[in-house]
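> Sequence and predicted structure below; questions after.
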Amino acid sequence: METSDDAMDAVTSWENLTGPAIGDLLAADPDHVALIPVGATEQHGPHLPTATDTIIAQAICDRVSAATGALVLPAISIGVSRWHGTQFPGTLSLTPDTLRAIVEAYAEWASHSGIRRILLVNGHVGNTAVLRVAIDDIRCSRPDLYIGLREWWTTDPTVAAEVSADAADWHGNRAETSLMYVLAPHLVDQEAASGADDPDRTADLVFSHPAGHVTRNGVTGRPSEASAALGRTLLARVVGALVQTVERGRLESPPLAGATAPPSTSSPAQPPPPRPVRAVHPSGTP
């Protein structure tokens, strides 16, 4: 991944900390916003690795952490990818109920260590509906636990426009391939990408059809047009938007007075100052 050693050293990773260190961090900062990357393991056409969605979600979270100090929990690397079916090899999928249960258990166990604010950072469109159901379950059963969802392709209007520029029902397309040219270029088959373009055949369809009925090679879009320059632009904009989201999330309270709020040592009248935010360079690297 295109990240300096200094920046990666600044990532606050759950997996790299001791248990006492995690407890001390959260006790000292009860309004801490923790990040959970949510990805998938699925076919991404002939040119991208099956871990593409997880790689992107993880890289975004790491860069946001380096800029804000946000704690990054271990990624959920298998999602709901049943749309891809079995025609194209490489896909692993959970059922929707399984992913929902994993997210709910994940949040519950994270709360035992002191986490009260969680942001799911999603890298796979097929996870969206399930993640929203899981969030509804959590906010019903645990109103003291704040949890939200952000998806990298909707964080910024420019990003959203670029992502769908070559396909509305995009997959393995120009935008995803551009990000991978920045994050893991050694995993991209550039020769295959040059000939992997496949059009979006879903416009005006009444029904949703399996992948094998709408794409010849597992791609929807034009990966031949991808570039590292576009990838750097997308990454910088996504990271910048999520840095602002994390900082707002640290200070957020329910809009209505008297609502249940996560326990905090901070005074409502005098909230603690936000953590210093490191500048995000065009590469998306703090």
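Good, I have the coordinates.
> Go through the chain and flag its longest helix.
The longest helix of the chain (DSSP state H) is helix 228-251.
> got the buried residues for that helix?
Neighbour-count burial for helix 228-251, with 16 or more other Cβ atoms under 10 Å as criterion, is recorded at 228, 230-243, 245-247, 249-250. No exception for glycine: its C-beta is placed from N, CA and C like everyone else's.
> repeat for stretch 81-101
81-84, 88, 91, 93-94, 96, 99-100.
> Against residue 39, how distant is residue 94?
With distances defined as Cβ to Cβ, to the nearest Å, the gap from residue 94 to residue 39 amounts to 12 Å.
> shared neighbours of these two, which are they?
For the pair residue 94 and residue 39, residues contacting each of them under the criterion Cβ atoms under 8 Å, 6 or more residues apart in numbering are residue 79.
> quick one, what contacts the closest residue to residue 17 other than its chain neighbours?
When the adjacent residues along the chain are set aside, residue 17 lies closest to residue 25, with 7.4 Å between them (Cβ to Cβ, 6 or more residues apart in numbering). Residues near residue 25 by Cβ under 8 Å, 6+ apart: 12, 17, 32, 71.
> then the longest helix of the chain to PDB, C-alphas only?
Included here for helix 228-251 are C-alpha records, laid out as PDB according to Å, rounded to 0.1, in the frame of the first residue of the first chain:
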ATOM      1  CA  ALA A 228      -3.200   5.700 -10.100                       C
ATOM      2  CA  ALA A 229      -3.900   9.500 -10.500                       C
ATOM      3  CA  LEU A 230      -7.600   8.900 -10.200                       C
ATOM      4  CA  GLY A 231      -7.000   6.500  -7.300                       C
ATOM      5  CA  ARG A 232      -5.100   9.100  -5.400                       C
ATOM      6  CA  THR A 233      -7.800  11.700  -5.900                       C
ATOM      7  CA  LEU A 234     -10.500   9.300  -4.700                       C
ATOM      8  CA  LEU A 235      -8.600   8.100  -1.700                       C
ATOM      9  CA  ALA A 236      -7.700  11.700  -0.500                       C
ATOM     10  CA  ARG A 237     -11.300  12.800  -0.800                       C
ATOM     11  CA  VAL A 238     -12.700   9.700   1.000                       C
ATOM     12  CA  VAL A 239     -10.200   9.900   3.800                       C
ATOM     13  CA  GLY A 240     -10.700  13.700   4.200                       C
ATOM     14  CA  ALA A 241     -14.500  13.200   4.500                       C
ATOM     15  CA  LEU A 242     -14.200  10.400   7.000                       C
ATOM     16  CA  VAL A 243     -11.700  12.400   9.100                       C
ATOM     17  CA  GLN A 244     -14.400  15.100   9.500                       C
ATOM     18  CA  THR A 245     -17.000  12.400  10.200                       C
ATOM     19  CA  VAL A 246     -14.900  11.000  13.100                       C
ATOM     20  CA  GLU A 247     -14.300  14.400  14.600                       C
ATOM     21  CA  ARG A 248     -18.000  15.300  14.500                       C
ATOM     22  CA  GLY A 249     -18.900  11.800  15.900                       C
ATOM     23  CA  ARG A 250     -16.700  12.500  19.000                       C
ATOM     24  CA  LEU A 251     -18.900  15.400  19.900                       C
END
